[in-house]
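Participant: Just a sequence and a predicted model for now, questions to come.
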Amino acid sequence: MRVIAKFYNFFLSPDKELARKLRSLLGFVPYNLRIFKLAFSHKSSPSDKAYAMQNNERLEYLGDAVLGTIVAEYLFRKYPNANEGFLTKMRSKIVKRKSLNKIGEKMGLDLLLSEYNQTRLSRSMLGNAVEALVGAVYLERGYQRTRRYVIRKILRNYVDVHELETYDDNYKSQLLEWCQKNGQTVSYKLVARYKFEKRDRFKVAVLVDGKRMAIADDFNKKSAEQTASEKAMQALGILTEEVEEED
């Protein structure tokens with residue numbers, strides 16, 4: 001039955017163009033096109049009443065868990081002598097939102113998101129789509145095949161693991177070290193806490209010698225502090241890399 005469904009999806013289905021794009025992206029033609037279509041449907045996009053509340057949030061939740069497990073196992077096997085702290089930091093560098101946004105961009109997921117959403121695309125939608133896509137692959141193929149897909153198609157193609165070994169993405173720690181070396185103080189202030197998409201969101205400012213240098217917000221207070229620290233380092237000329245714009 002699955003073979004017939006795949007044949008239909010690729011040659012006869014109204015969504016055959018999606019099936020063909022997915023074959024290029026995934027390396028196989030899905031038999032359940034609906035869940036893959038759902039993977040690229042963001043909740044901010046208006047939908048018909050019959051499909052109300054159907055978006056990629058649940059797939060994103062599932063894909064987040066599956067992706068985290070696969071990356072953890074991959075790193076565990078790749079670095080047999082590494083301690084828990086190193087492995088945790090490496091996993092965080094790979095699966096954090098900013099990294100997933102970049103992976104989604106490299107995969108060309110913005111094209112699929114544009115096709116299935118009548119809303120302005122944000123950077124975070126790319127990372128969400130990566131997780132939702134992994135969730136869809138898991139439902140379609142099971143854990144082992146999803147693991148193979150993530151390692152071969154995502155990690156090996158879009159993640160430079162060896163570069164991440166020496167890459168320090170703890171901007172809060174870097175800013176503190178810079179301030180200490182230059183005889184300055186750094187502090188953080190919670191500017192606002194508000195509801196966004198039914199979740200708490202934190203707006204944090206970073207102050208150097210009492211002067212506000214940058215501000216950022218996120219669903220997690222620590223993440224907001226990290227982003228604010230990165231922006232402050234950019235403003236101080238410590239970082240030359242362009243800071244990713246807020247969503």
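Facilitator: Ah, there it is.
Participant: And the closest residue in space to Tyr167 that isn't next to it in sequence, which helix or strand is it part of?
Facilitator: Closest residue to Tyr167 apart from its sequence neighbours, by C-beta to C-beta, 6 or more residues apart in numbering: Lys93 at 6.8 Å. For the C-beta atoms, the positions are set from N, CA and C on the backbone; glycine is no exception. Lys93 is located in helix 84-95, with elements delineated by DSSP states H and E.
Participant: quick check: mean pLDDT across the following helix or strand past that helix?
Facilitator: Once helix 84-95 ends, the next helix or strand along the chain (criterion: DSSP H and E) is helix 97-107. For helix 97-107, mean pLDDT rounds to 94.
Participant: What helices and strands are in contact with helix 97-107?
Facilitator: For helix 97-107, the packing partners by 3 or more C-beta pairs under 8 Å, 6 or more residues apart in numbering; DSSP states H and E come out as helix 123-141, helix 156-158.
Participant: Need these in a markdown table (columns: mean neighbour count and mean pLDDT).
Facilitator: Formatted as a markdown table, these follow (neighbours: other C-beta atoms under 10 Å; pLDDT from 0 to 100):
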| stretch | mean neighbour count | mean pLDDT |
| --- | --- | --- |
| helix 123-141 | 24 | 95 |
| helix 156-158 | 13 | 96 |
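Participant: what's the closest of those helices to Leu38?
Facilitator: Nearest to Leu38, of all those, is helix 123-141, at 7.3 Å by C-beta to C-beta.
Participant: For whichever helix or strand comes after that closest one, C-alpha coordinates in CSV please.
Facilitator: Next helix or strand after helix 123-141 toward the C-terminus (DSSP H and E): helix 143-149. Extracted as CSV, the C-alpha positions of helix 143-149 are listed here (Å, rounded to 0.1, in the frame of the first residue of the first chain):
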residue,chain,number,x,y,z
TYR,A,143,13.8,6.3,14.7
GLN,A,144,16.6,4.4,13.0
ARG,A,145,15.9,5.8,9.5
THR,A,146,15.4,9.3,11.0
ARG,A,147,18.7,9.0,12.8
ARG,A,148,20.3,8.1,9.4
TYR,A,149,18.7,11.0,7.7
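Participant: which helices and strands does helix 143-149 pack with?
Facilitator: helix 57-78, helix 123-141.
Participant: right, so of the ones you listed, which gets closest to His162?
Facilitator: helix 57-78 (10.0 Å).
Participant: now that closest one: mean pLDDT?
Facilitator: On average, helix 57-78 scores 97.
Participant: what distance separates it from the middle of the whole chain?
Facilitator: Chain-centre distance of helix 57-78: 12 Å, with C-alpha atoms, centre = their mean, to the nearest Å.
Participant: mind exporting that helix as PDB, just the C-alpha atoms?
Facilitator: Taking C-alpha atoms only, helix 57-78 is exported to PDB below (Å, rounded to 0.1, in the frame of the first residue of the first chain):
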ATOM      1  CA  GLU A  57       3.800  23.100  16.600                       C
ATOM      2  CA  ARG A  58       3.200  19.500  17.600                       C
ATOM      3  CA  LEU A  59       5.600  18.200  15.000                       C
ATOM      4  CA  GLU A  60       8.100  20.800  16.200                       C
ATOM      5  CA  TYR A  61       7.700  19.500  19.700                       C
ATOM      6  CA  LEU A  62       8.300  15.900  18.600                       C
ATOM      7  CA  GLY A  63      11.200  16.800  16.300                       C
ATOM      8  CA  ASP A  64      12.900  18.800  19.000                       C
ATOM      9  CA  ALA A  65      13.000  15.700  21.200                       C
ATOM     10  CA  VAL A  66      14.000  13.300  18.400                       C
ATOM     11  CA  LEU A  67      16.700  15.700  17.100                       C
ATOM     12  CA  GLY A  68      18.100  16.200  20.600                       C
ATOM     13  CA  THR A  69      18.400  12.500  21.100                       C
ATOM     14  CA  ILE A  70      20.000  11.800  17.800                       C
ATOM     15  CA  VAL A  71      22.600  14.600  18.200                       C
ATOM     16  CA  ALA A  72      23.400  13.400  21.800                       C
ATOM     17  CA  GLU A  73      24.000   9.900  20.600                       C
ATOM     18  CA  TYR A  74      26.000  11.100  17.600                       C
ATOM     19  CA  LEU A  75      28.300  13.200  19.800                       C
ATOM     20  CA  PHE A  76      28.500  10.400  22.400                       C
ATOM     21  CA  ARG A  77      29.900   8.000  19.700                       C
ATOM     22  CA  LYS A  78      32.000  10.600  17.900                       C
END
